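Q: coords below, sequence missing:
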Ligand code: SF4
(Lines give C-alpha, C1' and ligand atoms only; values in the text may rest on other atoms or scores of the structure.)
Protein backbone atom coordinates (compact mmCIF):
# COMPACT_ATOMS: atom_id res chain seq x y z
CA UNK A 1 0.00 0.00 0.00
CA UNK A 2 1.25 3.48 -0.88
CA UNK A 3 1.34 6.48 1.35
CA UNK A 4 -1.89 8.07 2.59
CA UNK A 5 -1.46 11.75 3.27
CA UNK A 6 -3.46 13.30 6.10
CA UNK A 7 -3.95 16.97 6.88
CA UNK A 8 -6.04 18.57 9.60
CA UNK A 9 -7.28 21.97 10.68
CA UNK A 10 -8.55 23.34 13.94
CA UNK A 11 -11.44 25.78 13.46
CA UNK A 12 -13.83 26.86 16.27
CA UNK A 13 -13.07 24.04 18.69
CA UNK A 14 -11.22 23.48 21.94
CA UNK A 15 -8.44 21.26 20.48
CA UNK A 16 -9.89 18.29 22.36
CA UNK A 17 -10.42 16.42 19.09
CA UNK A 18 -6.75 16.85 18.17
CA UNK A 19 -5.83 15.72 21.69
CA UNK A 20 -7.90 12.59 21.05
CA UNK A 21 -6.00 12.13 17.76
CA UNK A 22 -2.73 12.20 19.72
CA UNK A 23 -4.25 9.82 22.28
CA UNK A 24 -3.89 7.09 19.67
CA UNK A 25 -0.37 6.95 21.16
CA UNK A 26 1.64 4.04 19.77
CA UNK A 27 -1.16 3.23 17.30
CA UNK A 28 -0.24 6.46 15.53
CA UNK A 29 3.24 5.02 14.98
CA UNK A 30 1.63 1.80 13.72
CA UNK A 31 -0.43 3.79 11.19
CA UNK A 32 2.64 5.77 10.11
CA UNK A 33 4.51 2.50 9.60
CA UNK A 34 1.61 1.31 7.43
CA UNK A 35 1.86 4.40 5.20
CA UNK A 36 0.08 7.26 6.98
CA UNK A 37 1.88 10.52 6.34
CA UNK A 38 0.89 13.59 8.33
CA UNK A 39 1.42 16.84 6.46
CA UNK A 40 -0.23 20.15 7.38
CA UNK A 41 -1.77 19.98 10.85
CA UNK A 42 -1.77 22.04 14.05
CA UNK A 43 0.53 19.27 15.33
CA UNK A 44 3.17 19.93 12.66
CA UNK A 45 2.30 23.67 12.60
CA UNK A 46 2.13 23.60 8.79
CA UNK A 47 -0.90 25.49 7.48
CA UNK A 48 -1.34 24.55 3.81
CA UNK A 49 -2.17 20.93 2.94
CA UNK A 50 -0.44 19.47 -0.11
CA UNK A 51 -2.53 19.28 -3.29
CA UNK A 52 -4.01 15.78 -3.55
CA UNK A 53 -3.93 15.08 0.19
CA UNK A 54 -5.95 11.92 0.79
CA UNK A 55 -7.71 12.74 4.06
CA UNK A 56 -8.55 16.20 5.39
CA UNK A 57 -9.70 16.19 9.01
CA UNK A 58 -11.60 19.20 10.33
CA UNK A 59 -12.03 19.91 14.03
CA UNK A 60 -14.42 22.63 15.13
CA UNK A 61 -17.29 24.62 13.71
CA UNK A 62 -17.01 27.35 11.08
CA UNK A 63 -17.30 30.62 12.99
CA UNK A 64 -15.18 33.18 11.10
CA UNK A 65 -14.28 34.13 7.56
CA UNK A 66 -10.83 32.59 8.17
CA UNK A 67 -12.42 29.25 9.09
CA UNK A 68 -14.51 29.44 5.93
CA UNK A 69 -11.35 29.92 3.84
CA UNK A 70 -9.59 27.08 5.66
CA UNK A 71 -12.35 24.51 5.15
CA UNK A 72 -12.76 25.50 1.50
CA UNK A 73 -9.02 25.05 0.98
CA UNK A 74 -9.23 21.62 2.65
CA UNK A 75 -12.08 20.67 0.30
CA UNK A 76 -10.06 21.77 -2.73
CA UNK A 77 -6.90 19.95 -1.68
CA UNK A 78 -8.18 16.79 0.05
CA UNK A 79 -9.95 13.81 -1.49
CA UNK A 80 -11.86 12.75 1.65
CA UNK A 81 -13.10 15.29 4.20
CA UNK A 82 -13.69 14.04 7.75
CA UNK A 83 -15.74 16.17 10.16
CA UNK A 84 -14.15 15.24 13.50
CA UNK A 85 -16.15 15.82 16.67
CA UNK A 86 -19.51 17.32 17.50
CA UNK A 87 -18.46 20.92 16.75
CA UNK A 88 -17.51 19.99 13.18
CA UNK A 89 -20.41 17.54 12.70
CA UNK A 90 -23.28 19.58 14.20
CA UNK A 91 -21.81 22.98 15.06
CA UNK A 92 -21.76 21.94 18.72
CA UNK A 93 -21.04 24.30 21.63
CA UNK A 94 -19.75 27.16 19.41
CA UNK A 95 -23.25 27.55 17.93
CA UNK A 96 -24.53 28.75 21.31
CA UNK A 97 -23.42 32.20 20.25
CA UNK A 98 -25.98 32.15 17.42
CA UNK A 99 -28.67 33.15 19.91
CA UNK A 100 -26.94 36.36 20.98
CA UNK A 101 -26.19 39.38 18.75
CA UNK A 102 -22.52 39.45 17.71
CA UNK A 103 -21.80 42.95 19.02
CA UNK A 104 -23.27 42.07 22.41
CA UNK A 105 -21.08 38.97 22.62
CA UNK A 106 -17.89 40.79 21.66
CA UNK A 107 -18.62 43.54 24.15
CA UNK A 108 -19.19 41.00 26.90
CA UNK A 109 -16.07 39.01 25.98
CA UNK A 110 -13.64 41.89 25.60
CA UNK A 111 -15.02 44.81 27.60
CA UNK A 112 -17.54 44.08 30.32
CA UNK A 113 -16.19 40.88 31.86
CA UNK A 114 -15.56 41.44 35.55
CA UNK A 115 -11.83 40.68 35.19
CA UNK A 116 -11.24 43.12 32.28
CA UNK A 117 -9.76 46.59 32.74
CA UNK A 118 -9.70 49.05 29.80
CA UNK A 119 -10.75 46.33 27.39
CA UNK A 120 -11.36 46.86 23.70
CA UNK A 121 -12.68 44.73 20.87
CA UNK A 122 -9.72 43.72 18.66
CA UNK A 123 -9.88 45.00 15.10
CA UNK A 124 -6.64 43.67 13.56
CA UNK A 125 -7.12 42.40 9.99
CA UNK A 126 -5.03 39.39 11.10
CA UNK A 127 -7.99 38.18 13.16
CA UNK A 128 -10.87 36.42 11.44
CA UNK A 129 -14.22 38.21 11.41
CA UNK A 130 -17.16 36.39 12.93
CA UNK A 131 -19.72 35.20 10.43
CA UNK A 132 -23.35 36.16 11.17
CA UNK A 133 -23.83 32.57 12.34
CA UNK A 134 -21.53 29.73 13.42
CA UNK A 135 -22.04 26.69 11.20
CA UNK A 136 -21.38 22.97 11.03
CA UNK A 137 -18.75 22.11 8.41
CA UNK A 138 -21.31 20.57 6.04
CA UNK A 139 -23.12 23.91 5.83
CA UNK A 140 -20.02 25.25 4.03
CA UNK A 141 -18.46 22.32 2.16
CA UNK A 142 -19.32 18.72 1.31
CA UNK A 143 -18.29 16.29 4.07
CA UNK A 144 -17.53 12.64 3.29
CA UNK A 145 -17.19 11.09 6.76
CA UNK A 146 -18.70 12.12 10.08
CA UNK A 147 -17.02 11.15 13.35
CA UNK A 148 -19.18 12.55 16.18
CA UNK A 149 -18.30 12.69 19.86
CA UNK A 150 -16.95 15.35 22.17
CA UNK A 151 -14.30 14.38 21.55
CA UNK A 152 -14.49 11.20 19.48
CA UNK A 153 -12.41 8.51 21.17
CA UNK A 154 -8.90 7.70 20.02
CA UNK A 155 -10.31 4.23 19.22
CA UNK A 156 -12.83 5.77 16.79
CA UNK A 157 -10.17 7.92 15.09
CA UNK A 158 -7.82 4.94 14.82
CA UNK A 159 -10.59 2.82 13.31
CA UNK A 160 -11.46 5.48 10.70
CA UNK A 161 -7.85 6.02 9.62
CA UNK A 162 -7.08 2.29 9.55
CA UNK A 163 -10.14 1.53 7.43
CA UNK A 164 -9.26 4.24 4.91
CA UNK A 165 -5.62 3.06 4.86
CA UNK A 166 -6.82 -0.42 4.04
CA UNK A 167 -9.12 0.83 1.28
CA UNK A 168 -12.44 0.46 3.08
CA UNK A 169 -15.16 2.99 3.94
CA UNK A 170 -15.36 3.17 7.75
CA UNK A 171 -18.74 2.46 9.33
CA UNK A 172 -18.79 3.68 12.91
CA UNK A 173 -21.06 1.69 15.19
CA UNK A 174 -21.38 0.46 18.78
CA UNK A 175 -18.90 1.97 21.25
CA UNK A 176 -17.13 3.85 18.47
CA UNK A 177 -20.22 5.92 17.66
CA UNK A 178 -20.99 8.50 20.32
CA UNK A 179 -23.15 11.59 20.39
CA UNK A 180 -22.80 13.87 23.39
S1 LIG B 1 -16.20 18.32 19.70
FE2 LIG B 1 -15.74 18.64 21.88
S3 LIG B 1 -13.57 18.10 22.07
FE4 LIG B 1 -13.96 18.47 19.86
S5 LIG B 1 -13.50 20.64 19.54
FE6 LIG B 1 -15.70 20.51 19.99
S7 LIG B 1 -15.82 20.86 22.22
FE8 LIG B 1 -13.69 20.34 21.78
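A: It's in. Keep in mind that what you see is a predicted model, and the values were worked out from it rather than measured. Numbers count the residues shown, from 1 in each chain.

Q: can you pull up the bridge partners for the spatially most central residue of the chain?
A: With distances taken as CA atoms, centre = their mean, residue 59 lies nearest the centre of the chain, 1.2 Å away. Note on residue 59: beta-bridge partners by DSSP bridges are residue 10, residue 84.

Q: so who does it touch?
A: Going by CB atoms under 8 Å, 6 or more residues apart in numbering, residue 59 touches 8, 9, 10, 11, 13, 15, 17, 18, 84, 85, 87, 88. Backbone N, C-alpha and C define where each C-beta goes, glycine included.

Q: swap in residue 7?
A: With contact taken as CB under 8 Å, 6+ apart, residue 7 is in contact with 38-41, 49-50, 53, 55-57, 74, 77-78.

Q: who wins for most neighbours among those?
A: Sorting these by how many neighbours each has (other CB atoms under 10 Å) puts residue 57 first, at 28 neighbours.

Q: that one belongs to a helix, doesn't it?
A: No. Under DSSP: H, G, I helix; E, B strand; the rest coil, residue 57 falls outside any helix and is assigned strand.

Q: excluding residues flanking it in the chain, which one is nearest residue 20?
A: Once flanking residues are discounted, residue 20 sits nearest to residue 151: 4.0 Å by CB to CB, 6 or more residues apart in numbering.

Q: residue 150 too?
A: residue 86 (4.5 Å).

Q: touching, that neighbour and residue 179? I think so.
A: Yes. Using CB atoms under 8 Å, residue 86 is in contact with residue 179, at 7.2 Å.

Q: okay, these two: which has more neighbours?
A: Neighbours were counted for residue 86 and for residue 179 using other CB under 10 Å; residue 86 has more, 26 against 9.

Q: got a list of what that one touches?
A: For residue 86, the contacting residues are 92, 93, 148, 149, 150, 179, 180, by CB under 8 Å, 6+ apart.

Q: ok, so of those residues, who is nearest the ligand?
A: residue 150 (3.4 Å; CB to the nearest ligand atom).

Q: I am finished for the moment; much appreciated.
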